[in-house]
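Engineer: coords please:
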Amino acid sequence: MGIWQGPDGIEVEAVVLHDLPCLRVTRRVGDRQVLLAYCTDVREVGEHVDLAELVAS
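Structural biologist: A predicted model of the protein is given here:
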């Protein structure tokens, strides 16, 4: 699957949850990875991060 990095420790990862594809949005806070959302489409990801700032990692 794919992983994209954004500003302020944002990470978006394409995952499969309960046999359905989704995008997991997390933010690194210190040494911890904090879950922000599981999104079903890119529009939802855009509610958490500026899509133009994401870069593939």
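
Engineer: report how many residues lie close to residue 2.
Structural biologist: 10 (other Cβ atoms under 10 Å). The C-beta positions use only the backbone N, C-alpha and C, and glycine is treated the same way.

Engineer: one more: residue 23?
Structural biologist: Residue 23 has 21 nearby residues by other Cβ under 10 Å.

Engineer: for residue 53, give me phi and psi.
Structural biologist: phi -90, psi 0 (degrees, to the nearest 10).

Engineer: what about this protein, any weak spots by pLDDT?
Structural biologist: Within the chain, the set of residues satisfying pLDDT under 70 comprises 1.

Engineer: strands of the chain, residue ranges please.
Structural biologist: Using DSSP state E, the strands of the chain run over 3-5, 10-17, 20-29, 32-39, 55-56.

Engineer: tell me what the fourth one is packed against?
Structural biologist: Just to be clear, that refers to strand 32-39. Contacts defined by 3 or more Cβ pairs under 8 Å, 6 or more residues apart in numbering; DSSP states H and E place strand 32-39 against strand 10-17, strand 20-29, helix 42-45.

Engineer: can you list the strands that that strand pairs with?
Structural biologist: strand 20-29 (antiparallel) (DSSP bridges).

Engineer: in the strand it pairs with, what's buried?
Structural biologist: 22-27 (16 or more other Cβ atoms under 10 Å).

Engineer: contact partners of it?
Structural biologist: 8-17, 33-42, 44-45, 48-49 (Cβ atoms under 8 Å, 6 or more residues apart in numbering).

Engineer: that one to strand 10-17, inter-axis angle?
Structural biologist: 150 degrees (axes from the mean of the first three to the mean of the last three Cα atoms, to 10 degrees).

Engineer: circling back to that earlier point, mark which of the contacts of strand 20-29 are buried, thanks.
Structural biologist: 10-12, 36-37, 39, 45, 48-49.

Engineer: list the contacts of the residue positioned nearest the centre of the chain.
Structural biologist: For the chain, residue 12 is the residue whose C-alpha lies nearest the centre (Cα atoms, centre = their mean; 2.1 Å). Shown in contact with residue 12 (Cβ under 8 Å, 6+ apart): 3-4, 6, 23-25, 45, 49, 54.
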